[in-house]
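> Build me a structure from this.
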Amino acid sequence: MKLSYLDSNGDITGLDRFGRIVDQVWEDYSGTPTAIDRYTYTYDRAGNRLSKDNELNAALDEDYIYDDLDRLVEWKVNDVSQKTWDYDGQGNDLDSGTYNAANEMTPTVGSSGYDAAGNMTTLQSGDTAIYDAWNRMVEVNDGEDIIQQNEYDGTNRRIQIFSDFTGSTPGATQDDYYTNQQIIETHEDSAVKYQNIWSPRYIDSLILRDTLSSGSIVTADRIFYLSDANFNVTGLVKYNSGTSDWEVVERYTYTPYGIVTYRDADWDTYTGPNPQSLFSNPHLYTGRYLDLLTSLYYYRARFYDATLERFISRDPLGYFLPDAAKGAYNDEMNIPTSILDTNFTADKINDLNLYRYCGNKPLIHTDPSGKMVPAVLAGLAAVVAACGYPFHEYAHNHYGDSGDKFKHCWVSCQMSRACTGVLTQFAGLGKESIDVMRGLLNLEKYAGFGDSLDDLIANQQCVHWESYIPGINLFGYCRESCYDCCKREVGYKI
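Below you'll find the predicted structure:
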């Protein structure tokens with residue numbers, strides 16, 4: 001199977017001119033490639049995802065509606081409204097519960113309780129969560145029996161999961177081994193059970209998982225992973241020895257905030273009181289790991305409750321970004337530490353709600369580290385400034401007699417060629433995120449550059465979509481200079 005953004009002629013039709021995915025197709029390698037998983041997308045001018053059409057099952061087509069702050073307020077499936085959201089000023093959903101001054105939630109359905117550090121100690125299920133001195137969840141119990149225990153290494157990676165307790169003695173132990181932040185091998189009761197291979201596309205994008213028995217790979221149990229544009233795992237592919245074909249054996253759909261529905265290859269839902277993967281697959285929403293015993297997703301720095309649609313602990317970065325945030329996102333965004341100047345992070349506002357997920361924008365953002373999106377914007381702001389500010393300065397020094405439209409067109413054009421993928425990322429950001437970016441960029445060192453963000457996005461007449469392919473530099477497709485193109489498209493003096 002392969003992930004393709006090309007049509008039958010080899011033209012790139014799966015990405016729009018801003019690098020956003022509009023047609024994501026997983027195909028087999030037959031003589032006439034057949035789609036085994038396919039989604040098409042539309043967007044508004046602010047970059048919000050308006051629709052996700054399931055090209056293999058139209059009954060699962062989705063549509064989305066946003067408020068003036070680009071927060072998701074309604075979700076529809078097959079034109080039928082599934083859920084609406086009513087937010088307060090901090091992004092808390094008023095339809096789901098009440099909140100105190102620290103944004104700690106008392107849900108409409110279920111239980112809650114918090115410790116002095118803001119960790120949810122009484123889960124919605126009524127179970128009790130216990131945390132260590134570093135606010136890492138180390139145990140969940142039901143008041144009588146231990147359900148699960150976790151252990152972590154010195155870099156805060158969860159390395160052991162204990163379960164199946166008799167008193168205080170676990171009956172099952174899972175050991176996870178990492179390379180950086182990705183699990184590459186899992187042992188169950190000291191025996192190698194799984195080995196993972198990850199894609200370079202994204203930190204939580206799995207390619208395949210092998211199952212081992214007595215130290216050897218069981219080739220018949222190899223599974224490949226399918227995913228959508230937001231890196232949600234959408235299906236598993238496994239070899240069918242009877243037909244000698246690789247076939248989809250399990251599918252998944254999700255609510256916008258991550259509640260999973262397990263389905264068979266024909267999209268029929270699994271039934272029963274506690275449906276789960278028939279292939280013991282825990283990697284689901286945005287590729288993160290779902291703990292079945294607690295129904296919580298492990299997001300590295302903290303745990304996430306898809307039912308509550310929020311994290312159960314505060315963002316460890318706090319309300320203001322510390323100097324340490326400078327390098328916090330290197331693994332996820334591949335941003336060199338040298339670029340992440342502390343001027344972009346220290347003492348800047350992170351978020352006033354340390355529990356909400358992705359700024360109420362779960363369809364266009366992910367949070368692989370468990371730290372808030374504005375912190376990602378801090379890193380992105382550093383890249384944008386390091387790339388774009390020299391062009392900004394050059395335009396004002398050399399084209400001072402030109403109009404603003406020409407200068408913004410010229411800077412956008414140059415950035416699209418020299419900084420492949422940067423404009424792609426911030427062109428699709430919503431108003432709230434653009435405001436955060438603007439504040440981060442309007443520093444003494446880069447004075448005025450942040451104010452040009454809206455104009456850079458609006459004046460991309462000479463940005464060639466070929467330049468937006470992540471990791472590919474196609475300068476040859478730009479047949480004229482940015483100066484000549486912008487002069488023709490917007491005029492030199494406007």
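
> how close does residue 224 get to residue 264?
Between residue 224 and residue 264 the computed distance is 17 Å (Cβ to Cβ, to the nearest Å). Where you see a C-beta, it was placed from the backbone N, CA and C, and this is true even at glycine.

> again with residue 68
41 Å.

> more neighbours, residue 224 and residue 264?
More crowded of residue 224 and residue 264, by other Cβ atoms under 10 Å: residue 224, with 18 against 13.

> pLDDT below threshold where in this protein?
320-350, 372-386, 416-460, 463-480, 494 (pLDDT under 70).

> how about it, which residue sits the furthest from its center?
Of all residues in the chain, residue 401 has its C-alpha farthest from the mean position, at 42.8 Å, by Cα atoms, centre = their mean.

> residue contacts, it?
residue 493 (Cβ atoms under 8 Å, 6 or more residues apart in numbering).

> Give me the nearest residue to the spatially most central residue of the chain, chain neighbours excluded.
In the chain, the residue lying closest to the centroid (Cα atoms, centre = their mean) is residue 366, at 1.9 Å. Of all residues not flanking residue 366 in the chain, residue 286 sits nearest, at 4.5 Å (Cβ to Cβ, 6 or more residues apart in numbering).

> same thing with residue 124?
Counting by Cβ to Cβ, 6+ apart, the residue nearest residue 124 is residue 110, at 3.5 Å.

> so what's the backbone phi/psi at that neighbour?
Main-chain dihedrals, residue 110, degrees, to the nearest 10: phi 100, psi -170.

> tally of neighbours for it?
Residue 110: 16 neighbours (other Cβ under 10 Å).

> Residue 356 too?
24.

> Could you list everything it pairs with in the sheet?
residue 310 (DSSP bridges).

> for residue 304, same thing?
Under the criterion used (DSSP bridges), residue 304 bridges to residue 297, residue 311.

> any idea how far residue 249 is from it?
27 Å.

> So which of these two has more stuff around it?
Neighbours per residue (other Cβ under 10 Å) separate residue 304 from residue 249, with residue 304 holding more: 24 against 16.

> who's in contact with that one?
258, 288, 296-297, 310-312, 357, 370.

> For residue 286, see how far away it is.
Applying Cβ to Cβ to residue 304 and residue 286 gives a distance of 9 Å.

> Show me the common contact partners of these two, please.
Taking Cβ under 8 Å, 6+ apart as the criterion, residue 304 and residue 286 both touch residue 258.

> quick one: terminal-to-terminal distance for stretch 301-314?
Chord length of stretch 301-314, first to last residue, is 10 Å (Cα to Cα, to the nearest Å).

> now swap in stretch 397-408 and tell me
13 Å.

> Off-centre distance for that stretch?
Stretch 397-408 sits 37 Å away from the centroid of its parent chain (Cα atoms, centre = their mean, to the nearest Å).

> Please apply the same query to stretch 257-267.
In terms of Cα atoms, centre = their mean, the centre of stretch 257-267 is found 19 Å from the chain centre.

> now for whatever helix or strand residue 406 lives in, which elements pack on it?
Assessed by DSSP states H and E, residue 406 sits inside helix 404-418. If contacts are counted by 3 or more Cβ pairs under 8 Å, 6 or more residues apart in numbering; DSSP states H and E, helix 404-418 sits against helix 373-398, helix 422-427, helix 453-458, helix 482-490.

> ok, and for it, which residues are buried?
405-417 (16 or more other Cβ atoms under 10 Å).

> on that earlier part again, quick one: residues contacting the residue nearest to the centre of the chain.
Contacts of residue 366 (Cβ under 8 Å, 6+ apart): 202, 204, 230-231, 286, 358.

> Could you confirm the residue nearest to residue 366 falls within a helix?
Yes. Under DSSP: H, G, I helix; E, B strand; the rest coil, residue 286 falls within a helix.

> count of neighbours near it?
Residue 286 has 25 nearby residues by other Cβ under 10 Å.

> And residue 100, by the same measure?
Residue 100 - counted by other Cβ under 10 Å - has 9 other residues nearby.

> Mind listing the residues bridging to the residue nearest to it when sequence neighbours are not counted?
With sequence-adjacent residues excluded and distances taken as Cβ to Cβ, 6+ apart, residue 100 is closest to residue 106, at 7.9 Å. Per DSSP bridges, the residues bridged to residue 106 are residue 98.

> do residue 161 as well
Beta bridges link residue 161 to residue 150, residue 174, judged by DSSP bridges.

> ok, it to residue 238 distance?
For residue 161, the distance to residue 238 - Cβ to Cβ - is 25 Å.
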